[in-house]
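Chemist: pasting the sequence and the predicted model now:
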Amino acid sequence: MIALLTGTVEHIGLDEVTVVNGGIGWAVKVTPPTAHSLIRGNEVTLHIVMDVKEDAIALFGFPTRDEKDVFTVIRTVSGVGPRIALAALAVLTPDQLRDALAQKDSAQIRKIPGVGPKLADRIVLEIGNKLGPAAHAEDVPSEPDSDEVTEEVTAALVQLGWTQAIARKAVNSLAGQGMGASDLLRASLIKLGGTRG
């Protein structure tokens, strides 16, 4: 089993990256925020979960051990496959998931693409407090320049397949709420859903 993969980023897609290690290019499924954070040609270390089926093997990669652990726990819920578990981490951080579960906030869980009311309730019920409490940072980092963040997130959405106009409209509708680039990207992805144009 592969638990950790370190190599050079060869290709970056919407939800998959290719990491070259030892002359082999590994296709690794990642969240769009993770894909956006990587730079082609740079070295990366990803925590890996292998999904082995009769007809395929898939690798899912995470920048932190915490994200990997959260992904693994979410997959224990009946009716949740690796794609929904990965989608959960695309729109919610591990601590946002912990908060939603602690507060039994099914509405927050329903923000995950592919999760309806029944599945959201099942996720809340079956996971319970298995993820532990949220580790909220005591020190709030200084906010980056909002124009810089808006441009960065708009560029990321264009790279992920949306048009400049649609990306800018989504980002502008959410800007000014004091979000950093990562949170603004997540919020924009939720707002846009699966639409492209």
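Modeler: Thanks, I have it.

Chemist: just give the nearest non-adjacent residue to W26, would you?
Modeler: Excluding the flanking residues, the one nearest W26 by Cβ to Cβ, 6 or more residues apart in numbering is V19, at 4.9 Å. Backbone N, C-alpha and C define where each C-beta goes, glycine included.

Chemist: do you know how far that neighbour is from A134?
Modeler: Distance, V19 to A134, by Cβ to Cβ, to the nearest Å: 30 Å.

Chemist: next: P82.
Modeler: From P82 across to A134, the span is 24 Å (Cβ to Cβ).

Chemist: thinking again about what came up before, of V19 and A134, who's got more company?
Modeler: Between V19 and A134, counting by other Cβ atoms under 10 Å, V19 is the more crowded of the two (25 against 15).

Chemist: in this structure, which helix or strand is least confident?
Modeler: helix 146-159 (a mean of 77; mean pLDDT, DSSP states H and E).

Chemist: which residues touch it?
Modeler: 32, 36, 164, 166-168, 170-172, 175-176, 179-181, 184-185, 188-189, 192 (Cβ atoms under 8 Å, 6 or more residues apart in numbering).

Chemist: quick one: buried ones out of those residues?
Modeler: Taking 16 or more other Cβ atoms under 10 Å as the criterion, what is buried in the contacts of helix 146-159 is 32, 36, 166-168, 170-171, 175, 179, 181, 184-185, 188-189, 192.

Chemist: which of those residues has the weakest pLDDT?
Modeler: Across the buried ones among the contacts of helix 146-159, the member with the lowest pLDDT is A175, scoring 74.

Chemist: what sits closest to R83 if chain neighbours are left out?
Modeler: Among residues not flanking R83 along the chain, G114 sits closest, at 7.1 Å (Cβ to Cβ, 6+ apart).

Chemist: pull up the gap between the one you found and I123, please.
Modeler: 11 Å.

Chemist: between the two, which has more neighbouring residues?
Modeler: With neighbours defined as other Cβ under 10 Å, G114 and I123 compare such that I123 has more, 26 against 13.

Chemist: chain center to the one helix or strand that one maps to, what's the gap?
Modeler: Assigned by DSSP states H and E, I123 falls within helix 117-127. Chain-centre distance of helix 117-127: 19 Å, with Cα atoms, centre = their mean, to the nearest Å.

Chemist: return the set of buried residues in it.
Modeler: Going by 16+ other Cβ under 10 Å, helix 117-127 has these buried residues: 119-120, 122-124, 127.

Chemist: same deal with stretch 9-26?
Modeler: By neighbour count with 16+ other Cβ under 10 Å, stretch 9-26 contains the buried residues 9, 12, 15-19, 26.
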